[in-house]
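Colleague: Below: sequence and its predicted model.
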Amino acid sequence: MDKKHPGQIVSLQTEIGNRLKRLRMDKGLTQKGLAARVKGGVDYTYIGKIERGKQLPSLKVLLCISETLSVPVDYFFRDEPETIVYVNGSAELGFLLQDEGQGPAQGPETPAAE
């Protein structure tokens, strides 16, 4: 949902832009810094247009950006983005599963110490 216009669905290009900006900032990169790292090269003004929802990137460009940011390209298209967890400088998706009010899943259970 768009915070400025409650009840309205956020467009795909706006959502891609929001997620790109969040990932870029989490990595501590400027738009220029990200643009310089993207394979094949893109201009930093293009990154800014994507983040502001003014430009819908091609799939090719989005693949290059997702590789640069170490996230799967489908991160930009999911209904609910997972939490991004950085492990040794690399981004990994952390899946938070809910069990009917029991809170997030903690992963495989370990046997209790006797």
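Modeller: All right, it came through fine.

Colleague: any idea which helix is longest in the protein?
Modeller: Once the chain is assigned using DSSP state H, the helix that runs over the most residues is helix 12-26.

Colleague: got the buried residues for that one?
Modeller: Residues Gln13, Thr14, Glu15, Ile16, Gly17, Asn18, Arg19, Leu20, Lys21, Leu23, Arg24 are the ones in helix 12-26 that count as buried (16 or more other C-beta atoms under 10 Å). From N, CA and C alone the C-beta is placed, and that goes for glycine too.

Colleague: Also stretch 56-73?
Modeller: Neighbour-count burial for stretch 56-73 flags Pro57, Val61, Leu62, Cys64, Ile65, Ser66, Thr68, Leu69, Val71 (criterion: 16+ other C-beta under 10 Å).

Colleague: Just give me the closest of those residues to Lys32.
Modeller: For the buried residues of stretch 56-73, the closest approach to Lys32 (C-beta to C-beta) belongs to Thr68, at 13.2 Å.

Colleague: hang on, the closest one packs against Leu34?
Modeller: Yes: when contacts are counted by C-beta atoms under 8 Å, Thr68 is listed as touching Leu34 (6.7 Å).
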